[in-house]
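Visitor: After the sequence you'll find the predicted model.
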Amino acid sequence: MEPMFIRTREQQAILDTVRRFVEHQVLPRAAALDARQDPAECYSWEIVERAHEVGLRTMTLGREYGGLGTDSLTTAMVIEELGRGDLGVSVIFAQTLKIAQIMQKALNEEQRGRVLPAFARDPRGMLAIGITEPDHASDYLLPHPTPFSTRGVKTAGGWIVNGMKHFISNGNRASHYLVFVQTEKDRPLARGSTCFLLERDRPGFTIGLVHDKMGERLANNAELVFQDCVIPDANVVGAVGHGFDVLAEFFPQSNAYAGASVLGVAVAAYEKAVQWARVRVQGGRPLIEHDGVRAQLAEMRMLIDASRSYIHRACWLADHQEHGWDRTLGALPKVMASQAAWKVATWCLEIHGGHGYMREAGVEKLVRDAAAFLHSDGANRTLFLKAANFMFAE
């Protein structure tokens, strides 16, 4: 198990590049973008294009496509570092890096040749996955025995799709999507849905509302609207009616990546708390010299380190399942990291006192961002139930 805890020279070089990217491209822009009223305008194509220039956008692609072929553990390290700069930026790339990994495994040879080289060349190429609907959110995690509302009806050479997805990360920005559609109307979504590859410009597919979120604002989440959208048979991913096999087989590290994003917020909040505790004098001495604050900072550090170890273990085992993967690792690391981040962010707020409540301190943004993953990528209580079902299935 040692590979999880020893950073290789290649990993260090990648992280140094990402750290510079965060310092020069993300941090100078994040607060101003976050403060924009229109949620769509919080997104920055300039950040995406700069990420393309340094190879970050495509790093999980194989070298045959111009990527670095990074494994899940290295990718999680990168996602955390991005989250330290801004949660939304981390999320837009976590989605793209993850889905690029999935596409290389799940798409057939013709689909890979059609999509991946074009995605790799496009400086604005981003990826999204369409699962959540207004009436079907965490049900797909357990899953509840109901069908998706987004339906596909067979026609000559393809499927006519109608319906809507919402809350979709990169929904209004992606060039390509993986979308889950009910293709067998009398079966539950886990047994009668199909995964389709969807191009941005396909007739009958449009973008609806861009959601106005409390935090994580540099990532756009949006509605995907299908009105008699014809998706050809050539865009079926895997087998018809077996869309959830794609999720089960190719998504093991998805949950841990979500944990890595919010862990970056926890790191930023912890660093801000330490910095403030060193300079803020209370009772005649810096806060960091007060035992209660020192102990609280130590507990924050413990929560971060423990969450990181859990995430790294899940990511390494996702790529080396023969060494002891168990399915709770696809549910619990995000729960732990999000709970830790919420505690760290709110403690950071407390340590700052009244200053933390003022927007200019930057703490309130971290609190809003930390709240996002109590629900995103599965509500935590649902993920506990999912893990319990794995644990006690027998």
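Guide: Here it is on my side, so go on.
Visitor: Now do stretch 253-269: distance to the chain's middle.
Guide: Chain-centre distance of stretch 253-269: 8 Å, with Cα atoms, centre = their mean, to the nearest Å.
Visitor: I'd like to know the average pLDDT value across it.
Guide: Throughout stretch 253-269, pLDDT has a mean value of 96.
Visitor: One more: stretch 159-171?
Guide: 98.
Visitor: Likewise for stretch 368-376?
Guide: Taken as a whole, stretch 368-376 has a mean pLDDT of 97.
Visitor: just checking, what packs against the lengthiest helix in the chain?
Guide: Among the segments of the chain that qualify as a helix by DSSP state H, the longest is helix 291-319. On a contact count with 3 or more Cβ pairs under 8 Å, 6 or more residues apart in numbering; DSSP states H and E, helix 291-319 meets helix 72-85, helix 254-279, helix 332-352. In short, each C-beta sits where N, CA and C put it, glycine included.
Visitor: Save those helices as a markdown table, and put in distance to I92 and mean neighbour count too.
Guide: Putting those into a markdown table (distance: least, Cβ to Cβ, whole Å; neighbours: other Cβ atoms under 10 Å) gives the following:
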| stretch | distance to I92 | mean neighbour count |
| --- | --- | --- |
| helix 72-85 | 9 | 26 |
| helix 254-279 | 10 | 25 |
| helix 332-352 | 17 | 24 |
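Visitor: quick one, which of those helices is nearest to G208?
Guide: Proximity to G208, assessed across those by Cβ to Cβ, is greatest for helix 254-279 (23.7 Å).
Visitor: Could you pull up the mean pLDDT of the very next helix or strand once past that closest one?
Guide: Per DSSP states H and E, the first helix or strand lying C-terminal to helix 254-279 is strand 281-282. The pLDDT scores in strand 281-282 average 96.
Visitor: Minimum distance to T150: which of the helices and strands packed on helix 291-319 has it?
Guide: helix 254-279 (20.2 Å).
Visitor: Who are the packing partners of that closest one?
Guide: helix 72-85, helix 87-106, strand 285-286, helix 291-319, helix 332-352, helix 363-371.
Visitor: Give me the angle between that helix and helix 72-85.
Guide: Inter-element angle recorded for helix 254-279 and helix 72-85: 40 degrees (by axes from the mean of the first three to the mean of the last three Cα atoms, to 10 degrees).
Visitor: Check the offset of helix 254-279 from the chain's centre.
Guide: 16 Å.
Visitor: ditto for stretch 270-280
Guide: Distance, centroid of stretch 270-280 to centroid of chain: 28 Å (Cα atoms, centre = their mean).
Visitor: re the thing from before, what are the buried residues along the longest helix of the chain?
Guide: Across helix 291-319, burial judged by 16 or more other Cβ atoms under 10 Å covers 293, 296-297, 300, 303-304, 307-308, 310-319.
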